[in-house]
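# Sequence first, predicted coordinates after that:
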Amino acid sequence: MIDLGLARIGRLLQHTPQTWKAIHVAGTNGKGSICAYLSAMLSASGVSCARFTSPHLIDRWDCITINEKPVSETIFRQVEGLVKQRDQDEKIGATEFELLAATAFEIFHRLQVEYGVIEVGLGGKLDATNILKHKSVTVIAKIGLDHQSFLGNTVEEIALQKAGIIRSGVPCVVDDSNESSVLKVIQDHAKEVGGVELHYPSSDPALVQVLTKEGYEPHQVQNLACALLAFRLACSDFDHSMSRLLPIVQQLQWPGRLQRIDLFPIIGRHQEALLDGAHNSQSAEVLAEHVNKHYRSRSRSITWVLAASKGKDVDSIMSHNIQPSDQVTAVQFGPVDGMPWVKAEDPANLINQAIRYGVDTQNTHNSGDDVRAALEWASKAAGDKPIVIAGSLYLVSSVLRLMRDSESHQKA
């Protein structure tokens with residue numbers, strides 16, 4: 001259930017002091033990567049740091065990390081039980097996400113971390129994470145159309161919701177590759193709040209130039225530049241030199257974002273695939289740029305493994321990526337632990353969409369709810385040509401979980 005508002009989370013946390021400083025990150029795309037970059041920089045600087053992002057990747061508790069490691073299942077379940085009991089005793093009726101956020105913040109307090117890097121769940125203004133009291137810096141990443149039924153039908157309406165994380169006296173980093181109308185909404189809201197200094201990555205062209213030379217894609221340059229700027233603002237006394245920070249972020253692999261994986265644990269033979277959680281128009285466009293640059297230049301045909309959540313704009317994902325020479329299998333991801341409201345799109349609908357974009361019916365396959373079978377089909381269909389797995393972060397989770405479970409089984 002999604003029910004935005006701060007009243008319930010406020011009641012859940014009324015006995016949990018926020019003893020840590022927060023860096024709060026909103027946006028449609030890139031906010032998870034920015035959080036990962038920030039927590040890596042903080043931890044490498046010797047700062048006790050926690051991170052809360054959503055959705056989880058493999059296990060429900062891996063959305064909470066302490067000093068770059070997922071919190072232990074034991075601590076998570078213990079604190080989650082306490083939070084759920086509090087919800088029940090006080091008849092609060094909190095949503096699943098509110099219970100999860102309260103669990104994270106309770107863990108941060110108990111483990112006495114110095115900084116918490118927090119990704120907004122949905123929107124900003126009324127998101128449960130916006131209950132935060134002590135923000136050091138806020139960050140607004142790239143904004144596009146997504147979750148319109150909750151946030152508004154235009155990017156400007158959505159931008160206003162995201163800008164709701166801004167606080168007076170707290171510097172705000174804004175991805176200035178956003179549309180000018182989006183930037184204006186953020187600027188106007190910052191003026192209304194008062195006492196807010198906005199910072200833009202492009203104000204440091206030398207930094208952008210260095211990152212571009214290092215081979216980062218344009219969207220990665222923006223995300224990393226935002227994270228570096230936020231780190232400098234939050235921790236002004238630390239060493240901010242690129243010579244120290246760049247090696248830290250270069251070691252970071254953010255799963256499900258242009259991630260190259262070997263399907264061997266699942267299909268029993270070595271075959272590379274690109275795994276990406278692109279699930280809206282903006283992220284699909286970024287994926288298309290990467291695929292066209294690195295894969296279509298050597299192969300006209302891409303074999304796609306696709307899934308989507310119900311209600312997503314599948315057409316915009318297809319329009320950026322699918323070409324008549326491609327092959328497509330569609331699959332349904334399974335139930336998402338802790339998020340019962342998330343439902344998978346019928347694979348038949350995805351296949352029909354692919355055919356509309358010119359894919360030959362003989363080059364399509366409905367894998368039902370069997371992710372392993374989808375990958376097997378893709379492997380055989382592709383031969384030595386590229387495989388791309390995309391359309392949903394929940395499909396990313398299913399693939400990574402399948403890889404882990406297959407590896408564990410092989411070791412046993």
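Cool, the structure landed. Numbering: from 1, shown residues only.

# Excluding chain neighbours, what is closest to A307?
L395 (3.9 Å; Cβ to Cβ, 6 or more residues apart in numbering). For glycine as for every other residue, the C-beta is placed from the backbone atoms N, C-alpha and C.

# Show me the helices in the stretch 201-350 of the chain, by range?
In the stretch 201-350 of the chain, the helices defined using DSSP state H, counting those that start in this stretch lie at 205-213, 218-234, 242-250, 264-267, 281-294, 314-321, 347-356.

# Go ahead and name everything in contact with the fifth one.
In this case it means helix 281-294. 28-29, 142, 144-146, 217-219, 258, 274, 276-278, 302, 313, 316-317, 320-321, 386, 388, 390 (Cβ atoms under 8 Å, 6 or more residues apart in numbering).

# Out of the helices of the stretch 201-350 of the chain, flag the one nearest G121.
Nearest to G121 among those is helix 281-294; the distance by Cβ to Cβ comes to 17.1 Å.

# buried set for that closest one?
If you call a residue buried by 16 or more other Cβ atoms under 10 Å, then helix 281-294 has these buried ones: S281, Q282, S283, A284, E285, V286, L287, A288, H290, V291.

# can you tell me the helix or strand for S406?
helix 393-411 (DSSP states H and E).

# list the helices and strands that helix packs on?
Using 3 or more Cβ pairs under 8 Å, 6 or more residues apart in numbering; DSSP states H and E, the elements in contact with helix 393-411 are helix 264-267, strand 272-275, helix 371-382, strand 387-390.

# Show me which positions of it end up buried.
For helix 393-411, burial by neighbour count (16+ other Cβ under 10 Å) applies to L393, Y394, L395, V396, S397, S398, V399, L400, L402, M403, S406.

# Now do the strands in the chain.
In the chain, the strands defined using DSSP state E lie at 21-26, 49-52, 64-66, 69-70, 115-119, 135-140, 172-174, 198-199, 259-262, 272-275, 303-306, 327-330, 364-366, 387-390.

# Between strand 21-26 and the fifth one, find me the angle.
Orientation note: strand 115-119 sits at an angle of 10 degrees relative to strand 21-26 (axes from the mean of the first three to the mean of the last three Cα atoms, to 10 degrees).

# ok, strand 115-119: who's next to it in the sheet?
Sheet pairing of strand 115-119 (DSSP bridges) gives strand 21-26 (parallel), strand 49-52 (parallel).

# Can you tell me what sits against the first one?
In this structure, residues lying in contact with strand 21-26 by Cβ under 8 Å, 6+ apart are 31, 34-35, 38, 114-120, 123-124, 127, 129-130, 132, 134-141, 162-163, 165, 230, 234.

# low-confidence ranges in the stretch 1-150 of the chain?
For the stretch 1-150 of the chain, the stretches flagged by pLDDT under 70 are 1-2, 146-150.

# Determine which stretch of the helices of the stretch 201-350 of the chain is the most buried.
Neighbour counts (mean count of other Cβ atoms under 10 Å) averaged over each of these peak at helix 218-234, with a mean of 24.

# What's the mean pLDDT across it?
What helix 218-234 shows for mean pLDDT is 91.

# Repeat that for stretch 350-363.
Average pLDDT, stretch 350-363: 96.

# in the stretch 151-300 of the chain, which ranges drop under the pLDDT threshold?
Looking at the stretch 151-300 of the chain by pLDDT under 70, you get 151-152, 203.

# And for V155, the neighbour number?
22 (other Cβ atoms under 10 Å).

# List the contacts of it.
Applying Cβ under 8 Å, 6+ apart, the residues near V155 are I143, G144, L145, E179, S181, V182.

# For ChimeraX, what selects the buried ones among those?
Selection command for ChimeraX covering only the buried members of those, criterion 16+ other Cβ under 10 Å:
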select :143,144,145,182
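
# distance of R167 from Q259?
Using Cβ to Cβ, to the nearest Å, R167 is found at 34 Å from Q259.

# pretty sure G124 contacts A163?
Yes: in this structure G124 lies within contact range of A163 using Cβ atoms under 8 Å: 6.7 Å.

# doesn't F333 make contact with L395?
Yes: between L395 and F333 there is a contact under Cβ under 8 Å: 5.0 Å.

# Find residues that contact each of the two.
Each of A307, V371 lies in contact with both L395 and F333 under the rule Cβ under 8 Å, 6+ apart.

# before we move on, the earlier item: could you dump the contacts of V155 to TSV with distance to I92?
Formatted as TSV, the contacts of V155 follow (distance: Cβ to Cβ, whole Å):
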residue	distance to I92
I143	31
G144	33
L145	32
E179	39
S181	38
V182	35
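
# right, and the helices of the stretch 201-350 of the chain - which one's nearest D89?
helix 218-234 (36.2 Å).
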